[in-house]
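> With the sequence up front, the predicted model follows.
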Amino acid sequence: MKRSIGILGAGTWGMALARMLTNSGNDVLVWSAIEKEIEEMSATRTHRNLPGMVIPQELRFTKEIEEVCTGKDILLFAVPSVFVRSTAAKARPFIPDGQIIVDVAKGIEPGTLFTMTEVLADELSKENGPKDLKLVALSGPTHAEEVARDLPTTIVSACADQAAAELVQDAFMNTCMRVYTNADIKGVELCGALKNVIALGVGISTGLGYGDNTRAALITRGIAEIARLGVAMGCNLQTFAGLAGIGDLIVTATSMHSRNNRAGMLIGQGRTHEQAVQEVGMVVEGINALPAAMELSEKYGVEMPIAETVNAIIKHGMSPADAVRVLMDRGPKGELPEAADILGRK
């Protein structure tokens, strides 16, 4: 079924999805706040951060946010998490009632502690905004670089409204992308934000010269602390063992496509986090997510030692080598009793 899809954001993920959706037979229109970006891609049919990807001629671009929001079956927000609210404010006057909105940004807003769909719901409800919106989070182990090459990929369409989740599932599913649904939208979005923090830690360990044992330990204990927090917030434990949880964490913490992993490696090698971000050349969402991760940990009384240590490195200047000693010198713990606590058993 051919659908009309508007995409706000022309970064790597937005454009990889735009290409895929166009090749699936949909009518796709892309908007970016950076007009030069639109002009370049429209003329060259390439994306400078996705070498080798050809933008289909059928895919259209616009500099007008009203145009991208008008008359669309699905509206996709693909801007970095720090720009979701401001973009929603610009789009609000033009989004119709009942619109299905898909968010692919991963983050938690500092201060409000809102997930990205909660940010959208909040901002779009202001000043006579649209009513009866269907907000869906699309998240999972999905590097844009691989989606742009049609490599097999799986992802989760998350929404409490099963019909909306299934509509997005149908729109995005094709021979190279398999989409699952999940009603636990808060758990899916929490995973998407906090796995970036853990991936930073894994990258730092790699930069320090540590190996596979350390990487596996950080990934495994990292998902344990994300799950502890998620269950305290009312999320479904099974979400953290799924694609949006351990699946996304594995790919983000092990791939050189991962900005968070690469930035962490540079920090482990001695760069400051500012230097690491500059060298990566794109948004590093794990750094943006740290303040909210620390606020959530405190608010819900959940111990998150890996996230806390990454925060100490990034925000307080702790040396990565000292951070490793802090983690390794923690008091003895039991693995299975902690699992029982996660499940709510005393």
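That came through fine. Numbering: from 1, shown residues only.

> Which residue is the nearest non-sequential neighbour of Gln275?
Nearest residue to Gln275, sequence neighbours excluded (C-beta to C-beta, 6 or more residues apart in numbering): Leu266, at 7.1 Å. Just so you know, the C-beta spots here come from the backbone N, C-alpha and C atoms, and that holds for glycine as well.

> which secondary structure element contains the one you found?
For Leu266, the element it lies in under DSSP states H and E is helix 259-268.

> Quick one: mean pLDDT for that helix?
For helix 259-268, mean pLDDT is 95.

> Can you name the residues in contact with the following helix or strand past it?
Later in the chain than helix 259-268, the nearest helix or strand by DSSP H and E is helix 273-280. Residues outside helix 273-280 that contact it (C-beta atoms under 8 Å, 6 or more residues apart in numbering) are Arg259, Arg262, Ala263, Gly264, Leu266, Ile267, Arg271, Val284, Ile287, Ile313, Ile314.

> Report the two members of these separated by the largest distance.
Distance extremes for these: the farthest pair is Arg259 and Ile313 at 16.7 Å, using C-beta to C-beta.

> ok, those two, which is more surrounded?
Arg259 (24 against 21; other C-beta atoms under 10 Å).

> which residues in the stretch 51-200 of the chain form helices?
65-69, 84-91, 116-124, 144-147, 162-172, 185-207 (DSSP state H, counting those that start in this stretch).

> Pipe the ones you listed into TSV and attach mean pLDDT per row.
Supplementary listing: the helices of the stretch 51-200 of the chain in TSV, determined by pLDDT from 0 to 100:
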stretch	mean pLDDT
helix 65-69	98
helix 84-91	98
helix 116-124	98
helix 144-147	96
helix 162-172	97
helix 185-207	96
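
> TSV for these, including mean neighbour count?
Formatted as TSV, those follow (neighbours: other C-beta atoms under 10 Å):
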stretch	mean neighbour count
helix 65-69	19
helix 84-91	20
helix 116-124	21
helix 144-147	20
helix 162-172	18
helix 185-207	29
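
> Columns distance to Met20 on top of the ones you listed, output as JSON lines?
Formatted as JSON lines, these follow (distance: least, C-beta to C-beta, whole Å):
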{"stretch": "helix 65-69", "distance to Met20": "18"}
{"stretch": "helix 84-91", "distance to Met20": "21"}
{"stretch": "helix 116-124", "distance to Met20": "21"}
{"stretch": "helix 144-147", "distance to Met20": "6"}
{"stretch": "helix 162-172", "distance to Met20": "8"}
{"stretch": "helix 185-207", "distance to Met20": "19"}
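
> And those helices: which comes nearest Asn236?
helix 185-207 (5.5 Å).

> Check which element follows the closest one along the chain.
Following helix 185-207 in sequence, per DSSP H and E, is helix 212-232.

> helices and strands around that following helix, which ones?
Using 3 or more C-beta pairs under 8 Å, 6 or more residues apart in numbering; DSSP states H and E as the contact criterion, the elements in contact with helix 212-232 are helix 185-207, helix 248-254, helix 285-300, helix 305-316, helix 335-342.

> Tell me which of those sits nearest to Ala121.
helix 185-207 (10.9 Å).

> quick one: the closest one to helix 285-300, angle?
120 degrees (axes from the mean of the first three to the mean of the last three C-alpha atoms, to 10 degrees).

> Average pLDDT for stretch 224-233, rounded please.
96.

> Please state the offset of it from the chain centre?
On the basis of C-alpha atoms, centre = their mean, to the nearest Å, stretch 224-233 sits 17 Å off its chain's mean C-alpha point.

> Grab the nearest non-local neighbour of the most centrally placed residue in the chain.
Nearest to the mean C-alpha position of the chain, counting by C-alpha atoms, centre = their mean, stands Lys106 at 2.6 Å. Spatially, and ignoring its direct neighbours in sequence, Lys106 is nearest to Gly192 (3.6 Å; C-beta to C-beta, 6+ apart).

> looking at it, that neighbour is touching Gly247, isn't it?
No - using C-beta atoms under 8 Å, Gly192 makes no contact with Gly247, being 10.9 Å away.

> re earlier: name the helices or strands packed onto the helix holding Leu266?
Packed next to helix 259-268, using 3+ C-beta pairs under 8 Å, 6+ apart, are helix 185-207, helix 248-254, helix 273-280, helix 285-300.
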